[in-house]
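1. Fold the stuff below for me.
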Amino acid sequence: MTLEEVLIQKPTERAQCTGKALEEVLVSAKDNDSITVGVYESAKVMNLDPDSVSFCVLAVDEEFECDIALQIHFTLIQSFCFDNDISIVRVSDMQRLAEIVGDKAEQLEDAHCVLITNPADGSWEDPALEKLHLFCEESRRLNDWVPEISLPER
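-> Numbers count the residues shown, from 1 in each chain. Next up, the predicted model:
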């Protein structure tokens, strides 16, 4: 999908399209072992190898809206992403995000931050990731620096 095609979509179509694209990217990144889940794990990756980070997803739900420590972490992660030209989005359904990126056997407690990284060999490319980068670029043009995406229901 080109930038022009993204621009002419209605806002509801765009939201559905980006939510589906985000789910596709997360599943693909998980399959390619190109995903980091958790605030602290993500901070480690950003510190050690910031060039490997391609995309960032922040998730918050009502239970953690008043968690000051988490909000400070989010602010720092957002700042890092802005400084390093990393596309970033928010999702409001942390439980759904945890279902997508977690294993059935394990229960993810910290799915507040998910990073999509580039593999060392650079072989992984995803058209859905390009859609998300275009969506983020357009959102920044509209002064929406951390756009919110709704993940599709199961």
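
2. secondary structure element for Arg90?
-> Here Arg90 sits within strand 87-91, counting by DSSP states H and E.

3. actually Lys131, not the one I typed
-> helix 127-141.

4. Pull out the buried positions in that helix.
-> Within helix 127-141, the residues that count as buried by 16 or more other CB atoms under 10 Å are Ala128, Leu129, Lys131, Leu132, Leu134, Phe135, Cys136, Ser139. Backbone N, C-alpha and C define where each C-beta goes, glycine included.

5. which residue is nearest the centroid of the chain?
-> Closest residue to the average C-alpha location of the chain: Val57 at 2.4 Å, with CA atoms, centre = their mean.

6. Which residues does the longest strand seen in the chain contact?
-> Ranked by number of residues, the top strand in the chain under DSSP state E is strand 53-59. Residues from elsewhere that reach strand 53-59 (CB atoms under 8 Å, 6 or more residues apart in numbering): 22, 25-26, 42, 45-46, 74, 77-78, 81, 84, 86-94, 97, 111-118, 129, 132-133, 146.

7. Okay, now the sheet partners of it, with direction.
-> strand 87-91 (parallel), strand 113-117 (antiparallel) (DSSP bridges).

8. which stretches of the protein form helices?
-> Taking DSSP state H as the test, the helices found in the chain are 3-8, 11-31, 39-48, 68-83, 94-101, 127-141.

9. which of the buried residues of helix 127-141 sit farthest apart?
-> Maximum pairwise distance among the buried residues of helix 127-141 (CB to CB): 16.4 Å, between Ala128 and Ser139.

10. If you average pLDDT per helix and strand, which one of the chain comes out bottom?
-> helix 3-8 (a mean of 54; mean pLDDT, DSSP states H and E).

11. follow-up on the earlier one: the strand holding Arg90 - what's its average pLDDT?
-> Averaged across strand 87-91, the pLDDT comes to 95.

12. Would you mark the buried spots in it?
-> Going by neighbour count (16+ other CB under 10 Å), the buried part of strand 87-91 is Ser87, Ile88, Val89, Val91.
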